[in-house]
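1. structural data only, the sequence is not supplied:
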């Protein structure tokens, strides 16, 4: 019996050690951004491509109010309700005190300046593919935006999902920096892939998820239930989205469909972002969507 207890204790210690190693936060190296020079003008393009305002501005904001990133939008899910934080330029309530590396760690590694895991409702599973130059440029643009002192609200997440350390296991299983759509792509299709798979994080809504909330990459952009809500995100693979590239470009510009319907819900906020992109970027996204494998 004593030998059995000793063996169980050893196994428990080993298991805890493996858990601790696998789930530890993995920030970027301290010199990861060395030599990168910020370009705030380009950072504005990254801002719109990344959809920052769609989640972090008030959902009813218009015009310049879109640039006040107070947070507060709520995102229900099977794991709890997440609340978008204040990412305005406020030194206390927002991210005004963040360095370029802090933002890069948040976006590509899902790690806070204090070294804690972020919940994947912040789409770092997509932003992980973003270029570090784009993130440095984005940080420079964010520094030009208004500060707002509104404190961030806490997420409403119960046990066991409130154990931040366990998110390291989620990252181990689902954080994949490889492109989904590969093969022989034109430069425009590659640009569209970067915008859709990385900055635009289209897969975060339009790709079905498994029981642990990981994206099912084999059914990329095939749609699925709205987490914690009603309805479904549409399938935007060529299996269902039969619009021409020109139709897609028009939708991303004006929000109007070929049937003279219009974008609604959160997608209307996304269109407000894509409308601010250069026309060639909207065309690149349309070209990319035509290369996505059809999936039901």
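-> Received, thanks. Everything numeric in this text was worked out from a predicted model, so none of it was measured.
2. can we go C-alpha only for contacts and neighbour counts from here?
-> Will do.
3. so what pLDDT did residue 11 get?
-> Here the pLDDT value assigned to residue 11 is 88.
4. the one helix or strand it maps to - contacts with which helices or strands?
-> Here residue 11 sits within helix 2-22, counting by DSSP states H and E. Contact partners of helix 2-22 among helices and strands, from 3 or more Cα pairs under 8 Å, 6 or more residues apart in numbering; DSSP states H and E: helix 167-174.
5. pull the residues that contact the helix it packs on.
-> 19, 22-25, 117-119, 125, 212, 214-215 (Cα atoms under 8 Å, 6 or more residues apart in numbering).
6. and it with helix 2-22, angle?
-> Angle, helix 167-174 to helix 2-22, by axes from the mean of the first three to the mean of the last three Cα atoms, to 10 degrees: 80 degrees.
7. centre of the chain to helix 167-174, how far?
-> Taking Cα atoms, centre = their mean, to the nearest Å, one finds the center of helix 167-174 at 15 Å from the center of the full chain.
8. repeat that for stretch 149-163.
-> 18 Å.
9. buried residues in it?
-> Neighbour-count burial for stretch 149-163 flags 150, 152, 155, 157 (criterion: 16 or more other Cα atoms under 10 Å).
10. can you give me the neighbour number for the nearest residue to the last one once chain neighbours are set aside?
-> Read it as residue 157. Leaving aside its sequence neighbours, residue 157 sits nearest to residue 80 (Cα to Cα, 6 or more residues apart in numbering; 4.5 Å). Residue 80 has 17 neighbouring residues, counting by other Cα atoms under 10 Å.
11. now the element after the helix holding residue 11, going C-ward?
-> Defined by DSSP H and E, the subsequent element after helix 2-22 is helix 40-50.
12. contact partners of that next one?
-> With Cα under 8 Å, 6+ apart, helix 40-50 has contacts from 53, 134-142, 195, 199-201, 273-274, 276-277.
13. swap in 10 Å and give it another go.
-> Under the criterion Cα atoms under 10 Å, 6 or more residues apart in numbering, residues 52-54, 67, 123, 126-127, 130, 133-144, 195-196, 198-202, 270-278, 281-282 lie in contact with helix 40-50.
14. swap in stretch 10-29?
-> The contact list for stretch 10-29 (Cα under 10 Å, 6+ apart) reads 4-9, 101-102, 104-106, 108-113, 115-118, 164-172.
15. of these, keep whichever come out buried.
-> Buried subset of the contacts of stretch 10-29 (neighbour count, 16+ other Cα under 10 Å): 101-102, 104-106, 108-112, 116-118, 165-171.
16. phi first, then psi, for the residue lying closest to residue 238 once chain neighbours are set aside.
-> Leaving aside its chain neighbours, residue 238 sits nearest to residue 294 (5.0 Å; criterion: Cα to Cα, 6+ apart). Dihedral angles of residue 294 (phi, psi; degrees, to the nearest 10) stand at phi -60, psi 140.
17. tell me who's in contact with residue 294.
-> Listed by Cα under 10 Å, 6+ apart, the contact partners of residue 294 are 219-222, 235-241.
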